[in-house]
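**Q** Provide a 3D model corresponding to the input given below.
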Amino acid sequence: MKTLIYVAIAVIALILDQITKFWADSHGLGWKMPVIGNGDGLLNFTLAYNEGAAFSINPQSLMPWLSPTLFFGILTVIACLGAVYFFRGLHKRDYLSKIGIVLIIAGALGNFCDRLRIGKVVDFIDFDFPDFIFERWPTFNLADSWVTMGIGLILIGTYFMRPVIMKTGKLRI
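**A** Now for the predicted structure:
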């Protein structure tokens, strides 16, 4: 695949993330809309804001002298540069891992755009697993989903596709 296709995937993922966050944010805090089930059903759209990192963890407790926007900006730049470095080292036919990296970059940039715009991340997807993991899964957004899917694609690419590529020099499915 040409680099332009990967850039297009990242741009589309970033735009979808931002559009859905603008939509959710436009409804105001306290907004909740059942999608599957009623009330606290399987899937709701519920507006929430996350000022910390994943699962609302507050990394500023380690470096309170650093502003959250600057902290997450530095973290985003480091993560994206690392991802690009990893991307460039992949076999040209390891499409799954490359798409995974692109989705991770789009997710990181999507959440950082929120931090630049309003100082926190807009979350709105409220999903309930059957009550064996959490009472309710933490609210998330498309950027978080892109990162999760990206990690999954990298794992699939690494453990299933890469051995085929390394053994034959060609990708055979």
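**Q** So for stretch 150-161, what gets flagged as buried?
**A** Gly150, Leu153, Ile154, Gly157, Met161 (16 or more other Cβ atoms under 10 Å). Glycine gets a C-beta too; all of them are placed from N, C-alpha and C.
**Q** taking the residues you listed one by one, which sit in helices?
**A** Residues of the buried residues of stretch 150-161 located in helices (DSSP state H): Gly150, Leu153, Ile154.
**Q** what residue ranges in this protein score low on pLDDT?
**A** 1, 39, 53-63, 130-134, 161-173 (pLDDT under 70).
**Q** residue boundaries of the helices in it?
**A** 3-25, 68-89, 95-118, 142-156, 162-168.
**Q** Please identify the buried residues of the second one?
**A** Neighbour counts using 16+ other Cβ under 10 Å place Pro68, Phe71, Phe72, Thr76, Ala79, Cys80, Ala83, Phe87 of helix 68-89 among the buried residues.
**Q** Okay, the closest residue in space to the fourth one that isn't next to it in sequence and Gly30: tell me how far apart.
**A** Distance criterion Cβ to Cβ, 6 or more residues apart in numbering; nearest residue to Thr76, sequence neighbours excluded, is Phe112 at 4.4 Å. Distance check for Phe112 against Gly30: by Cβ to Cβ, to the nearest Å, it reads 26 Å.
**Q** between these two, which one's more packed in?
**A** Per other Cβ atoms under 10 Å, whichever of Phe112 and Gly30 has more neighbours is Phe112, with 20 against 8.
**Q** pretty sure that one contacts Phe71?
**A** No. Contact criterion Cβ atoms under 8 Å: Phe112 and Phe71 do not qualify, at 10.9 Å.
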